[in-house]
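> below: sequence and its predicted model.
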Amino acid sequence: SCFILLCLNLLVGIGRSSKCILLLFCALGIIFLVVCWIAAGIFFGSSLAMSDFCVAPNTHIMKMVKNKQQQERDVLKYYVMCDAKVTNNPFRNAFQEAQENVRQANNTLNRALNIAYEENLKQQLKPYVMQVNQGLDNTVETLLQLTALVECTSLHKDYSDAIEGICYTALPGVVFLLLSTILTGLLLTLLVLMASLAWRHFSRRKGYQEVEEDD
């Protein structure tokens, strides 16, 4: 939009043979050139950084947590790789231990019930046993839900979509912006030079006495 406005300013200046308008164009053009080349530098640096990242995104992410604890690195590697051949589920041992504890609780409850049957305490213990059974059932259900939640499939899919968006959508867009900014800068540089050279022709056409440009 700024480039179009500058071009309109240039056309008006040429059409009216106005040095003032051309001077304004040159001043604004130089300011816009500085902004344009700064933006080109930003786009260039961003495209390089994104290109380096897209070469090996998994390796780059793992380097970011190399100073973390081993457990945190294992969790990140599990979700980034999501491959049983490469990494194991870091939560597996904890869930297996929890399931083993539930089984032990069931066994202990059964032994207690056997003793209660022998002592004819079944009716007295029945409400408490039902509460414990309900708690164990809820525990098993919660463990199943947690096991499904920590699976790497869903989160790895989101991670893969993000990588694809960065490397196959955002990166080409930044490169296109870089090329268009460079082209705009080159064209604007050419227009500023042509506008500065047009002053001499305006002086001749209006019958002014020819003098040195420095004067």
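Nice, thanks for sending it over.

> make it CA atoms for all contacts and neighbour counts henceforth
OK.

> can you give the distance of stretch 116-135 from its chain's centre?
Distance, stretch centre to chain centre, for stretch 116-135: 56 Å (CA atoms, centre = their mean, to the nearest Å).

> same thing with stretch 77-87?
The chain centroid and the centroid of stretch 77-87 are separated by 21 Å, computed with CA atoms, centre = their mean.

> buried residues in it?
Within stretch 77-87, the residues that qualify as buried are 77-82, counting by 16 or more other CA atoms under 10 Å.

> and for that stretch, what's in contact with it?
Applying CA atoms under 8 Å, 6 or more residues apart in numbering, the contact partners of stretch 77-87 are 58, 62, 74, 88-90, 152-153, 155-156, 159.

> among those residues, show me the least confident.
Least confident of the contacts of stretch 77-87 in the model: Asn88, at 80.

> need the buried ones from the contacts of stretch 77-87 selected in ChimeraX.
With 16+ other CA under 10 Å as the criterion, this ChimeraX line picks the buried residues out of the contacts of stretch 77-87:
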select :74,89,90,152,153,156
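
> between the contacts of stretch 77-87, which is closest to Ile14?
Ile14 lies nearest to Tyr159 out of the contacts of stretch 77-87, by CA to CA, at 54.9 Å.

> return the residues in contact with that closest one.
Shown in contact with Tyr159 (CA under 8 Å, 6+ apart): Val80.

> can you tell me the helix or strand for it?
Using DSSP states H and E, Tyr159 maps to helix 152-165.

> and that helix, how far out from the chain middle?
Taking mean C-alpha positions (CA atoms, centre = their mean), helix 152-165 and its chain are 12 Å apart.

> for stretch 45-65, same thing?
Put simply, stretch 45-65 sits 11 Å off its chain's centre (CA atoms, centre = their mean).

> pLDDT weak spots in the chain?
Low-confidence segments of the chain, defined by pLDDT under 70: 118-122, 200-215.

> just the helices from it, written as ranges.
Assigned by DSSP state H, the chain shows helices spanning 2-15, 19-55, 57-64, 70-81, 92-118, 122-149, 152-165, 171-205.

> sort out which residues of the last one are buried, please.
Same thing as helix 171-205. By 16+ other CA under 10 Å, the buried positions in helix 171-205 come out as 171, 174-175, 177-178, 181-182, 184-185, 188-189, 191-192, 195, 198-200, 202.
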